[in-house]
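1. sequence first, then the predicted structure, then my questions.
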Amino acid sequence: MTTRLTPSRRAVVGGIAATTLAAPYVRAQAGAVKIGFSISKTGPNAGGANVTTLPNYQLWLKETNDAGGLKLPGGQRRMVEFVEYDDRSQSEEAVRNIERLVNQDKVDLLFPPWGTAMNLAVAPSFNRGGFPHLASTFFVERQPELVQRWNNMFLFLDRPSTAITALTDLLATLKDKGLGNTVALASVQDQFGLELVSAARAGIAKAGFQVVMDRQYPPGTQDLAPIISEAVRLKPDMFLAFSYPPDTLALTEQARIGGLNPKVFYTAVGTAFPLYKQRFGANAEGVMGIGGVDVTNPKIRDYIARHNRIVGREPDRWASTTTYSTLEVLSQAIERVGLDKAAIIKDIGANSFETILGTIKFDKNQRVDQWWVGQWQQGEFVALAPTKVGGTKAPVFPKPAWPTA
Amino acid sequence: MFLVDVILSGLILGGIYALVAMGLSLQYGVARIMNLAYGEFTIAGSFAAYLLFSASGLSPILALAVAMPLSFALNWFIYRLLMTPLVRRAKSPGALEVDSILATFGLLFVVQGIMLVVFGGSYVSYSYLAVPVDIIGSTVALNRLLAAGIAVAIALGLTLFLMRTRIGTAVRAVSVNPAAAPLVGIDTTTYAAFAFALGGALVAGSGVLVSMFLTFNAAMGVVFTMKALIVVIMGGVGNIFGALVAGLILGLAEALTAAFLDSGLTLAVNFALFLGILLVKPTGLFGKAAR
Amino acid sequence: MIARNWTLKDWAFPLVVLGGAALLAPLPAVAGSYWMALLVNILMYSVLATAWALFSGPTHYVSLATAAFFGLGAYTMAFLGEKLPLPLVYPAAALIGAVVATVVGLSTLRLSGVYFVIFTFGLAELVRQLVTWGEAKFGGTVGRFVFIDVNQQGIFWMLLGLLALVLLVGYAIQRSRLGWALRAIGEDETVARHSGIDTTVSKVAVFVVSATFMTVVGAVMAPRWTYIDPSIAFNPIISFQVLIMALLGGAARLYGPILGVVPLAILFEILQANFPNSFSILLGLTFLVIVYFVPNGVVGLIDQGRDKIARAVGRRPHPAE
């Protein structure tokens, strides 16, 4: 491998052309399907990508190849091979990685990167090359407009406002059970937190609740105690935080220490992480968060077990499960129509798919019906809402007070 | 009481900021190495504490006794092996600054890369001493309080050490005038290496302590480097006590902003405060005239 | 020496720059889209690093504010891109960059050494925090979509034009009284002041020129990413990378930074393409090797080589070289 990189005369004369062409990653054995992706293995996005996305790509690759390869129409199978790059959490690198995958590596298919910004950065390149873009960690309000612009894009998460509707509808049903009407809001100051909180303000007003606190904090804030102490003083009935994993953990910790015991305690990304359960143990009971799965579904149980066995740890119950479902959808479409990219796009748009998350289908390239609110119940992160999707459980309400230490 | 809450949480946060910055104050102030890989050693300390805690249930406080000497040795080695050649060839302090920025930038990637390979990029978090403590009617987390307390203790201890002992005096001499120190019989290189290694021990110690309450991953070192740079420069290069004061001011400012202005502006106010102080005092709060 | 008329030899540099730009301009016709992406990356950092060295090279003031100006440019595009005709957005970005740089330049006059370095870093972070807060408070969301139809070729040509321009402007500055004043400041600011140089005007003027270029680069690049938020636009990595590239090339010469950008960008590319899982370690090791074995940057290597050749030929290089 290294010998190829010594500056040979050819490399010097031919510039980097020679070196790059002599790239030493394992070349496809004849007939292998080449799938490429660029993902944040390093930099600020690495935390998210390493929990939710990368392990599922690896899991899928192993399972597919162990089964003899990717199934094509007519029962033929072809092995799969990855070409993967690190975008170092920089948009420019992601764009160039995709150009390299498409033009130099000539991959057959692309998997998306992690995160809204990265998916947007590479979307024009996916679109130009006609690649199906099955985005799972992509969550913005302007989705309808985007799928019109890029008809090769399929969004596995609906919009922030949909997520909020599910949450506020659920909260409204708890009114009869003694939920008061005061809400404390906390949100991280970026696109994710802000779109959720602005939807939440509207939804909360509609449900007849009253916002008593509405705090934002910059991403990377290391001390969230002031927010929690304010909430403690106000004693809200509900505490809703649209937060990222490190903040989710910090807010929960502070709430426990400060003795903030609202009837509903909700934190966003990170709540569904196995890390959350590991960190808080019995304290997690009754905490609500974004995501959730139907734990009675044998398919999901099997998936969790496989993830655990092959990756070495449990998947989270929101982005991981969604990411894995994108791969199931893609495999099923390929099994029906083969590797023709345009045909895959058409097939995904038109059909419904059986996955670990149940049936997945699309309306104008946006997935319809999914769980938005989950809750830790006896060590499982179960789906609570929307109930029309099915597979939901009744919420534990009110959330039990934090047990001591 | 509300105000007590705010001030207390501000002071604790400030103590943590100071804790994270003190090692850099030594490394830059005395050894003149602008160490961009600094935060990676914070994270390395955090991982060490996490490993010891999850594998053998060793308390992070005891982990200090493992991590700090280890990091001292490692940083001594780094200084002797990587930094000494740069110090030798540097014709001016400016040249050393540039060289050390470049070299430690490389070191940053190496250390981070190793941690990524060993630990992966996922978030890590565990719970230790996450119990409420009541101080004059205000509830704080014991682990944070402990970290801030240790920061104050280290700052005072180190200041005393530098002021009152022979070694400390020699270290200060190297810090104030590395060219003249050899004239009075001080082996500059050895003391610089000592200061760098001591800074290394402190940074690992701070990593151990913050791991009790912060969620971290292998890619997060930069965050600590940046925070430490701000605190060190604001306090005045090479002044441990200055770093403590600067950290406390930043922490307090953050808490007061969150309480009385807008919690979304906390970091902006911090940076504005930092810039403002430099505009008024161009060499930091306790810095000597520009060199 | 300063005010003498331009001879044929003086025109050599501008002619080489323009000739080089003319040679590179038709590249999009032959290069595939991946190669264009690589060229765009090289050009982006070339303009940034050259602009950085305009100020930091002669004065030895190391600035980490690159990301602040780059981000301002990107945000100008995001805000005005769909409101103004595109050709007006770039001058608008330049103007904003120049105004902010003047304020910053004037306020940092008393700072020097590492205090200046970290001040500029803090400044970039402050701008980022303020943009975040302002967007959250008044814009309703923090991210901004940049749906502006500028394709890769367009970006390439704009960056190429900017690179030629920054080199020519740099050359003009170097040969003017201003360039001489800057070098004097770099040697010893106190002496410079005593010998009648208006150090304030000189420093601020060049800082503004440098920052203006950085801002325009931000405006040029923003449409390429479809979406920007403060952590993308004001990414501190940009500041550090520019600094490293310029220093490795050699900030003392006008063309020095480019000599750092080209090999480093290619190195990044090769490592990134071949070692996705150990990129960091290899990159770090390469950096260390460069620092220890190429102590004076690429320009230093070239000078060394030239000295050797000169000695071999038996002639000492002319002092003016």
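-> Okay, I see it.
2. what mean pLDDT does stretch A:326-342 have?
-> Averaged over stretch A:326-342, pLDDT sits at 96.
3. go on, stretch C:80-88?
-> The average of the pLDDT scores along stretch C:80-88 is 91.
4. and that stretch, C-alpha only, in PDB?
-> Written as PDB, here are the backbone C-alpha positions of stretch C:80-88 (Å, rounded to 0.1, in the frame of the first residue of the first chain):
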ATOM      1  CA  LEU C  80     -28.500  39.300  -0.300                       C
ATOM      2  CA  GLY C  81     -28.100  36.500  -2.900                       C
ATOM      3  CA  GLU C  82     -31.800  36.300  -3.700                       C
ATOM      4  CA  LYS C  83     -32.500  40.000  -3.200                       C
ATOM      5  CA  LEU C  84     -29.800  41.700  -5.200                       C
ATOM      6  CA  PRO C  85     -28.500  40.900  -8.700                       C
ATOM      7  CA  LEU C  86     -25.600  38.500  -8.300                       C
ATOM      8  CA  PRO C  87     -22.900  40.800  -9.600                       C
ATOM      9  CA  LEU C  88     -23.800  43.300  -6.900                       C
END
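5. now check that stretch, is it near chain A?
-> No: with Cβ under 8 Å from any Cβ of the partner chain as the criterion, chain A is not reached by stretch C:80-88; the gap is at least 13.3 Å. The way it works is simple: take the backbone N, C-alpha and C, and place the C-beta from them, glycine included.
6. cool, stretch C:249-263 as well?
-> No: between stretch C:249-263 and chain A, judged by Cβ under 8 Å from any Cβ, nothing touches; the nearest distance is 10.0 Å.
7. average pLDDT across that stretch?
-> The pLDDT scores in stretch C:249-263 average 92.
8. same question, stretch A:240-248
-> 95.
9. that stretch and chain B, are they touching?
-> Yes: Stretch A:240-248 is in contact with chain B by Cβ under 8 Å from any Cβ, via A:245-246.
10. in that stretch, what counts as buried?
-> A:240-248 (16 or more other Cβ atoms under 10 Å in any protein chain shown).
11. nearest residue to the middle of the chain?
-> Picked chain A for this. By Cα atoms, centre = their mean, chain A has its centre lying nearest to residue A:319, at 2.7 Å.
12. to clarify, I was referring to chain C.
-> With distances taken as Cα atoms, centre = their mean, residue C:48 lies nearest the centre of chain C, 2.1 Å away.
13. what separation is there between the residue nearest to the centre of chain A and residue A:49?
-> Counting by Cβ to Cβ, to the nearest Å, the gap between residue A:319 and residue A:49 amounts to 10 Å.
14. next one: residue A:320
-> According to Cβ to Cβ, residue A:320 stands 11 Å off from residue A:49.
15. again with residue B:89
-> Distance, residue B:89 to residue A:49, using Cβ to Cβ: 40 Å.
16. the more surrounded of these two?
-> Higher neighbour count among residue B:89 and residue A:49: residue A:49, with 28 against 12, using other Cβ atoms under 10 Å in any protein chain shown.
17. so what's that one up against?
-> Residue A:49 is in contact with A:39-41, A:113-115, B:121, counting by Cβ atoms under 8 Å, 6 or more residues apart in numbering or on different chains.
18. so among those, which ones count as buried?
-> Among the contacts of residue A:49, those buried by neighbour count (16+ other Cβ under 10 Å) are A:39-41, A:113-115, B:121.
19. between the residues you listed, which is nearest chain C?
-> When the buried ones among the contacts of residue A:49 are compared for distance to chain C (Cβ to the nearest Cβ), residue A:41 wins out at 6.6 Å.
20. wait, isn't that closest one in contact with residue C:277?
-> Yes: between residue A:41 and residue C:277 there is a contact at 6.9 Å, judged by Cβ atoms under 8 Å.
21. any shared contact partners between these two?
-> Here residue A:41 and residue C:277 share the contacting residues residue A:86, scored by Cβ under 8 Å, 6+ apart.
22. now stretch A:245-264: buried residues?
-> Result for stretch A:245-264 [16+ other Cβ under 10 Å]: buried residues A:245-258, A:260-264.
23. can you pull out the helices in the stretch 1-150 of chain A?
-> Under the criterion DSSP state H, counting those that start in this stretch, the stretch 1-150 of chain A contains helices at A:9-13, A:16-21, A:46-48, A:54-66, A:91-99, A:116-129, A:143-149.
24. quick check, the helix or strand just after the last one touching chain C?
-> On the C-terminal side of helix A:143-149, the closest following helix or strand by DSSP states H and E is strand A:153-155. No: for a cut-off given as Cβ under 8 Å from any Cβ, strand A:153-155 has no contacts with chain C; the smallest distance is 11.9 Å.
25. mean confidence score for strand A:153-155?
-> Here the average pLDDT along strand A:153-155 is 96.
26. show me which residues of the stretch 201-321 of chain C sit near chain B.
-> Proximity of the stretch 201-321 of chain C to chain B (Cβ under 8 Å from any Cβ) is limited to residues C:236, C:240, C:243-244, C:247-248, C:277-288, C:290-292, C:295.
27. near chain A, from those residues?
-> Filtering those for proximity to chain A by Cβ under 8 Å from any Cβ leaves C:277, C:279-280.
28. mind checking which of those residues are in helices?
-> Taking DSSP state H as the definition of helices, these contribute C:279-280.
29. so which of the ones next to chain A among the residues of the stretch 201-321 of chain C next to chain B comes closest to residue B:33?
-> Nearest to residue B:33, judged by Cβ to Cβ, of these is residue C:280 at 20.8 Å.
30. grab the nearest non-local neighbour of the closest one.
-> residue B:113 (3.0 Å; Cβ to Cβ, 6 or more residues apart in numbering or on different chains).
31. from what I see, residue B:120 and residue B:219 are in contact.
-> No: if you go by Cβ under 8 Å, residue B:120 and residue B:219 don't touch, sitting 10.4 Å apart.
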